[in-house]
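**Q** take this sequence and fold it.
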Amino acid sequence: MPCLGVPNRITIAVGNETVLVDRVKVSTLAEVTKSVPEITRIVVDASHDEVSANIAQACAPTLFGEDVVVVIEGIDNLNDDGVDSLKAVMADLPENVWLLLTHPGGVKRKPLIDAAIKAGAEKIDCKEIKRGPDTASFLIKEVTRHKRKMTPAALNSLVESLGQDLPALTNAIGQLCSDVEEDPIDEIHVRAYCEGTAPISGYAISDSLWEKKTADAIKLLRQNTLESDAGRVGVTTITALASGLRSMILVGGSAPGASDNEVAREAGVPSWKVKTLRKQWSRWSGDQRKLASLVVALAEADPAMKGGIKIGSALDPEQKLFELEKLVTRTH
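**A** Numbering: from 1, shown residues only. Predicted coordinates:
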């Protein structure tokens, strides 16, 4: 039976930021299990045709009154009967049942969020963390959550190595905070971690290309092909190059006299990245004809890396690498 001081009986994570939603699920299940060690976890598939009956069965009183935590992810996918069943359970929650719900946000099945809150649910915001300053702020808070410190240069190096992959960045911070005894964690620690565990990021290739360091970009591209999934290198590299180009142009076109923070907000990049992007733009602002041709080349390379436009035009990994190297050498 439930004990005093246990977590909220209904928890709902609202939003589509995977890192945050996963954290809610893990922490909630850990708290409930700590308070009620013998509790049973039941996962209900929200998209199942018989979800209404499955919810009713999972939350039904049992002969011996066993405690259960019922997990329903993506309640926006519930059919009408499932919605009615969940609302009925929340309105009169059995004393041996805990509910852990997730909803991606938006208007679809939004009344279920309201019904959960009305029933006393703890609503936890998991909305998407945008690239740029929001990501930087999240990472700083993540370091603080581990009761550690990390230098700005170290955070800069981590993002440059791993890109904007929030789960990878979060895992890396957790690992660094666990493995590194010194405080603050600095750039040397991050580089050692990335060299040992992380593949070359497409963003590192992108920075080298837009800084017109062609030889470095080719070296990183070939190294990435050797260390990563060759079939994915083309897609991730083109994505990074296009993102880097967009950021560079946005920063280059910013209002004269604007501060780094103002430019960062407009361009959707971390404030510490603005200086690098301004330097890159200075290398290209006088060569805009070549820059325009690279925009076209990137647009043509994107479908080629994803399988081609026409049937039978897909490239094998070696052909993709050749096309990428041709693209990179055009900056020379």
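
**Q** nearest spatial neighbour of Q280, skipping sequence neighbours?
**A** Nearest non-adjacent residue to Q280, counting by Cβ to Cβ, 6 or more residues apart in numbering: W210, 4.4 Å away. Placement of C-beta: from N, CA and C, glycine included.

**Q** contacts only, for that neighbour.
**A** Contacts for W210 (Cβ atoms under 8 Å, 6 or more residues apart in numbering) come out as 244-245, 248, 280, 283-284, 331.

**Q** one more pass at 6 Å, please.
**A** Neighbour list for W210: 244, 248, 280 [criterion: Cβ atoms under 6 Å, 6 or more residues apart in numbering].

**Q** quick one: it and G15, what's the gap?
**A** Separation of W210 from G15 (Cβ to Cβ, to the nearest Å): 33 Å.

**Q** swap in D165?
**A** Note on D165: its distance to G15, by Cβ to Cβ, is 18 Å.

**Q** neighbour-wise, which of those two wins?
**A** G15 (19 against 15; other Cβ atoms under 10 Å).

**Q** helices and strands around the helix or strand A299 falls within, which ones?
**A** Following DSSP states H and E, the helix or strand that holds A299 is helix 288-305. Contacts defined by 3 or more Cβ pairs under 6 Å, 6 or more residues apart in numbering; DSSP states H and E place helix 288-305 against helix 230-252, helix 317-329.

**Q** what about the helix-or-strand element of the chain with minimal mean pLDDT, distance to the chain center?
**A** When the helices and strands of the chain are compared on mean pLDDT, DSSP states H and E, helix 187-197 comes out lowest with a mean of 75. Distance of helix 187-197 from the chain centroid (Cα atoms, centre = their mean, to the nearest Å) equals 21 Å.

**Q** so where is the stretch 201-332 of the chain shaky, pLDDT-wise?
**A** For the stretch 201-332 of the chain, the stretches with pLDDT under 70 are 201, 228-232, 307-315, 331-332.

**Q** what are the buried residues along stretch 68-81?
**A** Using 16 or more other Cβ atoms under 10 Å as the test for burial, stretch 68-81 gives 68-73, 75-78.

**Q** quick one on the thing from earlier: measure the residue nearest to Q280 to S282 for me?
**A** Counting by Cβ to Cβ, the gap between W210 and S282 amounts to 11 Å.

**Q** ok, now I205?
**A** Counting by Cβ to Cβ, the gap from I205 to S282 is 20 Å.

**Q** G252 now?
**A** Distance, G252 to S282, using Cβ to Cβ: 8 Å.

**Q** doesn't I72 fall inside a strand?
**A** Yes - under DSSP: H, G, I helix; E, B strand; the rest coil, I72 sits within a strand.

**Q** check contacts around T11.
**A** T11 makes contact with 28, 100, 122, according to Cβ under 6 Å, 6+ apart.
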